[in-house]
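# sequence? don't have it. structure:
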């Protein structure tokens, strides 16, 4: 089946969907006509009904936001014809009154004229089940903790975030492991989860209740997984303490695993000889980690005595670096100098020891906000038999353009 061609209506609607995912109310309302007809067919839920005109549409979104915390919003164009368009929507989230996870499949009908929405109809599938779920009582603290573990197994960081209090405090007491430390606030908690998921692939975490008293929940956790950098399996045996108040997670402490030495030995072991990663897979993991903004999680794939030559001579980060500590110094210097977006890469060639890549990205210099919209760089990685990067050479293709932007006046 061919994909429907975009029309002014589909471009308008998809811009509104993008605004919705970014919680940009102004962007949505600006695309709605003053006398817009807005019909939501969701009996049993607070946002059911007709919300006609700009101010009523605004009130609809306020009501929706107070009812659900969305964790995923995906759309698929079914058909479009002139001023009309039809979409299928998959929406995931939590009801705020009871923290029950919900998945809604909807059909959206749109009509536009002169660049504005004239009418919108939203029909929610299986509305009786969704309405019944909305009326259920608040999850217990134990159920909230279990929901967090289920989300972690699925890699659903958005759902984890929805369970957190704004002032969440967490502590990872696994000394010697790359994720050890304290994390304050939602963003840092999500950073902790991101680090864990970059470090290993969970293969079926299980949690058993040890005790639940008042706001405190204590769980015995078995966390099996596969370390991504060496493809070795492990199981970490831990105790987790949760503080959950008014339906939100306020504090999490992950105690030192009872088998910490065994887990660390597995983490620090060389590549699994029975299931070795290719050199291309190793480099891909490093790029994925870089894109997540946590270069410290490259530790398992980089040799202690790594050598790195960055050819951006004339820029603060353009020099040679020796050893892991200087590897990290490069990333700190890079981050202090530029903001990198639109990062993509292509593997040009690879064998058992060498990977050649070409990368493209946008540079924005922090000293003057000047842009290099398309920066090009070639990378050559050398990887040892243990699966560790021992040498990296980075050569900019359009360095003069970088230097002109860096040296320009603000």
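Nice, thanks for sending it over. Source: prediction; values computed, not measured. Numbers count the residues shown, from 1 in each chain.

# got the contact list for residue 305?
The contact partners of residue 305, taken as C-beta atoms under 8 Å, 6 or more residues apart in numbering, are 322-323, 390. To be clear about C-beta, it is placed using only N, CA and C from the backbone, and glycine gets the same treatment.

# and it, what helix or strand is that in?
strand 302-310 (DSSP states H and E).

# Kindly provide the distance from the spatially most central residue of the chain to residue 164.
Central residue of the chain (C-alpha atoms, centre = their mean): residue 157, 6.5 Å from the mean position. From residue 157 over to residue 164 the distance is 11 Å, taken as C-beta to C-beta, to the nearest Å.

# Could you do residue 45 as well?
Counting by C-beta to C-beta - residue 45 and residue 164 are separated by 24 Å.

# Residue 36 now?
For residue 36 relative to residue 164 (C-beta to C-beta), the value is 35 Å.

# Could you report the distance from residue 142 to residue 208?
Counting by C-beta to C-beta, the gap from residue 142 to residue 208 is 11 Å.

# Look at the two and report which has more neighbours.
residue 142 (16 against 8; other C-beta atoms under 10 Å).

# wait, that one sits on residue 215?
No: using C-beta atoms under 8 Å, residue 142 is not in contact with residue 215; the gap is 11.7 Å.

# Derive a ChimeraX selection command for the buried subset of the contacts of residue 305.
Here is the ChimeraX selection string for the buried members of the contacts of residue 305, based on 16 or more other C-beta atoms under 10 Å:
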select :390
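
# Would you format the contacts of residue 305 as JSON lines with secondary structure, distance to residue 101 and pLDDT included?
Shown next, in JSON lines, are those (DSSP: H, G, I helix; E, B strand; the rest coil; distance: C-beta to C-beta, whole Å; pLDDT from 0 to 100):
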{"residue": "322", "secondary structure": "strand", "distance to residue 101": "49", "pLDDT": "98"}
{"residue": "323", "secondary structure": "coil", "distance to residue 101": "46", "pLDDT": "97"}
{"residue": "390", "secondary structure": "strand", "distance to residue 101": "45", "pLDDT": "97"}
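
# Going by distance to residue 337, which of the contacts of residue 305 wins?
residue 322 (20.0 Å; C-beta to C-beta).

# Chain neighbours aside, what residue packs nearest to that closest one?
residue 307 (5.7 Å; C-beta to C-beta, 6 or more residues apart in numbering).

# contacting residues for the one you found?
So residue 307 contacts 320-322, 390-392 (C-beta under 8 Å, 6+ apart).

# What of residue 32?
So residue 32 contacts 38, 54, 57, 116-117 (C-beta under 8 Å, 6+ apart).

# Map the structural domains onto the sequence of the chain.
8-134, 141-268, 279-407 (automatic domain parsing).

# Can you give the distance of the second one from its chain's centre?
The chain centre lies 17 Å from the centre of domain 141-268; the measure is C-alpha atoms, centre = their mean, to the nearest Å.

# cool, and stretch 338-358?
For stretch 338-358, the distance to the chain centre is 21 Å (C-alpha atoms, centre = their mean).

# Now that stretch: average pLDDT?
The predicted model assigns stretch 338-358 a mean pLDDT of 96.

# Stretch 260-280 too?
On average, stretch 260-280 scores 94.

# next one: stretch 162-170
For stretch 162-170, the per-residue pLDDT averages 97.

# Can you pull out the residues in contact with that stretch?
69, 71, 93-94, 99, 144, 147-148, 151, 182-186, 188-189, 192, 245, 248-254.

# Could I have the PyMOL command that selects the buried members from those?
Entered in PyMOL, the line below selects the buried ones among these, by 16+ other C-beta under 10 Å:
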select buried, resi 69+71+93+94+99+144+147+148+151+183+186+189+192+248+249+250+251+252+253+254
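
# Narrow the contacts of residue 32 to those in strands?
For these, the ones inside strands are 38, 116-117, with DSSP state E as the criterion.

# who's in contact with the spatially closest residue to residue 50 that is not a sequence neighbour?
Leaving out its chain neighbours, the residue that sits closest to residue 50 by C-beta to C-beta, 6+ apart is residue 39, at 5.3 Å. Residues near residue 39 by C-beta under 8 Å, 6+ apart: 49-51, 119-122.

# quick one on the thing from earlier: so the residue nearest to residue 322 bridges to which residues?
residue 322, residue 391 (DSSP bridges).

# Distance of it relative to residue 223?
35 Å.

# Okay, and the residue nearest to residue 365 when sequence neighbours are not counted sits in which element?
In space, not counting the residues next to it along the chain, residue 365 is nearest to residue 406; the distance is 5.1 Å by C-beta to C-beta, 6+ apart. Under the criterion of DSSP H and E, residue 406 resides in helix 399-407.

# how far is that helix from where the chain is centred?
32 Å.

# And the helices in this structure?
Along the chain, the segments classed as helices by DSSP state H run 8-21, 25-29, 54-67, 127-134, 141-154, 157-162, 185-199, 260-268, 279-291, 324-337, 399-407.

# Let's have those helices in a markdown table, adding distance to residue 240.
Converted to a markdown table, the helices of the chain look like this (distance: least, C-beta to C-beta, whole Å):
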| stretch | distance to residue 240 |
| --- | --- |
| helix 8-21 | 31 |
| helix 25-29 | 37 |
| helix 54-67 | 30 |
| helix 127-134 | 27 |
| helix 141-154 | 8 |
| helix 157-162 | 14 |
| helix 185-199 | 13 |
| helix 260-268 | 15 |
| helix 279-291 | 25 |
| helix 324-337 | 29 |
| helix 399-407 | 46 |
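
# nearest to residue 84, of the ones you listed?
helix 8-21 (6.6 Å).

# Which residues are in contact with the nearest residue to residue 271 once chain neighbours are set aside?
Leaving aside its chain neighbours, residue 271 sits nearest to residue 387 (3.6 Å; criterion: C-beta to C-beta, 6+ apart). Counting by C-beta under 8 Å, 6+ apart, residue 387 touches 229-230, 270-271, 276-277, 282, 301.

# Apply 6 Å and report the result again.
The neighbourhood of residue 387, defined by C-beta atoms under 6 Å, 6 or more residues apart in numbering, consists of 230, 271, 282.

# next one: residue 320
residue 309.

# Could you check how far it is from residue 327?
The gap separating residue 320 from residue 327 is 11 Å, by C-beta to C-beta.

# can you check residue 19 too?
40 Å.

# quick one: which of those two has more around it?
residue 327 (22 against 17).
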